[in-house]
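Novice: Predicted coordinates and the sequence they were generated for:
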Amino acid sequence: MKIHLVEDNPDMLESLRMLLELRGYRVRAYLRALDLVDALASVEAEDVVVSDYYLPDMNGVELLRRLRTRHPHLRAVLLTGSREEEIAASAQTLRNCTVLYKPLDFDALERGMFDLHPVDPRRAARPRAA
């Protein structure tokens with residue numbers, strides 16, 4: 001399993017990428033939603049997308065809708081610092097998607113990636129902590 005991480009704040013992107021890699025995940029990091037859309041061929045059905053909701057080129061829900069044209073069951077976690085009800089409501093229109101609020105609890109992020117949808121453990125085993 002790869003994690004496709006989309007965050008427009010370079011410091012936050014790098015921090016999350018490093019934390020995830022330290023936990024043993026393979027991470028691809030993107031500063032813009034369209035960068036991930038352009039890399040759609042590298043996304044596999046068992047991957048997880050972790051994306052900020054507010055991005056300069058499109059919001060996280062729009063991004064997931066575009067990615068799911070190829071992988072309809074792609075799991076996703078949307079991150080936001082906003083408590084606007086509209087964000088959670090729009091995420092609820094998507095399956096296999098949860099919203100987590102910043103400041104981010106890293107353990108909640110990790111749980112969220114695995115609690116969304118049952119995944120065949122032979123294809124996407126959870127890495128062991130080092």
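Specialist: That came through, no problem.
Novice: Contact partners for the spatially most central residue of the chain?
Specialist: Of all residues in the chain, the one closest to the mean position by C-alpha atoms, centre = their mean is Val50, 1.3 Å from it. Applying C-beta atoms under 8 Å, 6 or more residues apart in numbering, we find Val50 in contact with 3-6, 16, 76-77, 79, 109, 113. No exception for glycine: its C-beta is placed from N, CA and C like everyone else's.
Novice: pLDDT value on it, please?
Specialist: Per-residue confidence (pLDDT) for Val50: 97.
Novice: What's the first helix or strand after whichever strand or helix holds it?
Specialist: Under the criterion DSSP states H and E, the helix or strand holding Val50 is strand 48-52. The C-terminal neighbour of strand 48-52 among helices and strands, as given by DSSP H and E, is helix 60-67.
Novice: ranges for the helices of the protein?
Specialist: If you assign secondary structure with DSSP state H, the helices in the chain sit at 10-22, 33-38, 60-67, 85-92, 106-115.
Novice: Comparing those helices, which comes out most buried?
Specialist: Neighbour counts (mean count of other C-beta atoms under 10 Å) averaged over each of these peak at helix 60-67, with a mean of 20.
Novice: so that helix versus strand 48-52, what angle?
Specialist: Comparing the axes of helix 60-67 and strand 48-52 via axes from the mean of the first three to the mean of the last three C-alpha atoms, to 10 degrees yields an angle of 150 degrees.
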